[in-house]
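*Asks:* Prediction below, plus the sequence it came from.
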Amino acid sequence: MLSLLTAILCVALATAAGSGPEPHAVQLARKAASKHLGIPPDQFTVRSVEPAEWPDSSLGCPRRGMHYRPVVTRGHRVVLEARGQTQTVHVAGEVALICDQALRSRSLRLSAADRLQQLARRDLAARLGIPESEVQVREARPRTWPDASLGCPQPDRLYAQVETPGFALELEARGKTYRYHADLEHVVPCDEQR
């Protein structure tokens, strides 16, 4: 029992001194967070360091217009805190990325929401052969889809395995309900009706 307590104390002291099992990842994360938030690196407290595995070289932080190698990438998800602000940094090798996807996604979703609802209404009206004015949006919920299929995979099709922000839309026309799923640019019908 005493040796277990001694081992725990040694690990705690080593981590506090910055020489824990992932010191390089923490150091890179602190530099990235410092640059992003304008706070000196030594002011960040490490809240957690977890091993992570991403399906491609985007480290789970894909950016529009960028292409990523489709290789499993291992690294760490580092959560830091300073001055009441929490920052998550994804680190692999010498790369540290700020995953502020939630903030980016929220602002993109707000600006895209009306346009996506309009696209879904237009598509459903065309499919049913009715005026667009007869199609109403009942609900538009923000969603993050687990991959580029947007939760509506088609048989014999491959999809990028990246989390994709978007919406689950529910429309109504002539007493029937229709589901559409969207990323931030496109809408797809997901089941014909309910």
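*Replies:* That came in fine, so what should we check first?
*Asks:* For the residue lying closest to residue 189 once chain neighbours are set aside, which residues count as its bridge partners?
*Replies:* Leaving aside its sequence neighbours, residue 189 sits nearest to residue 180 (C-beta to C-beta, 6 or more residues apart in numbering; 5.7 Å). Backbone N, C-alpha and C define where each C-beta goes, glycine included. When bridges are taken as DSSP bridges, the partners of residue 180 come out as residue 169, residue 189.
*Asks:* give the contact list for residue 180.
*Replies:* For residue 180, the residues meeting the contact criterion (C-beta atoms under 8 Å, 6 or more residues apart in numbering) are 120, 123, 124, 168, 169, 170, 171, 187, 188, 189, 190.
*Asks:* List just the nearest of these to residue 43.
*Replies:* Distance ranking of those against residue 43, using C-beta to C-beta, places residue 168 first at 40.0 Å.
*Asks:* May I ask which helix or strand of this protein has the lowest mean pLDDT?
*Replies:* helix 2-16 (a mean of 44; mean pLDDT, DSSP states H and E).
*Asks:* per-residue confidence averaged over the host helix or strand of residue 87?
*Replies:* When elements are assigned from DSSP states H and E, residue 87 belongs to strand 85-92. Strand 85-92 shows an average pLDDT of 89 in the prediction.
*Asks:* partners of that strand, with directions?
*Replies:* Assessed with DSSP bridges, strand 85-92 is paired to strand 73-82 (antiparallel), strand 95-98 (antiparallel).
*Asks:* how far does the first one sit from the chain's center?
*Replies:* Taking the mean C-alpha point of strand 73-82 and that of its whole chain, the gap between them comes to 14 Å (C-alpha atoms, centre = their mean, to the nearest Å).
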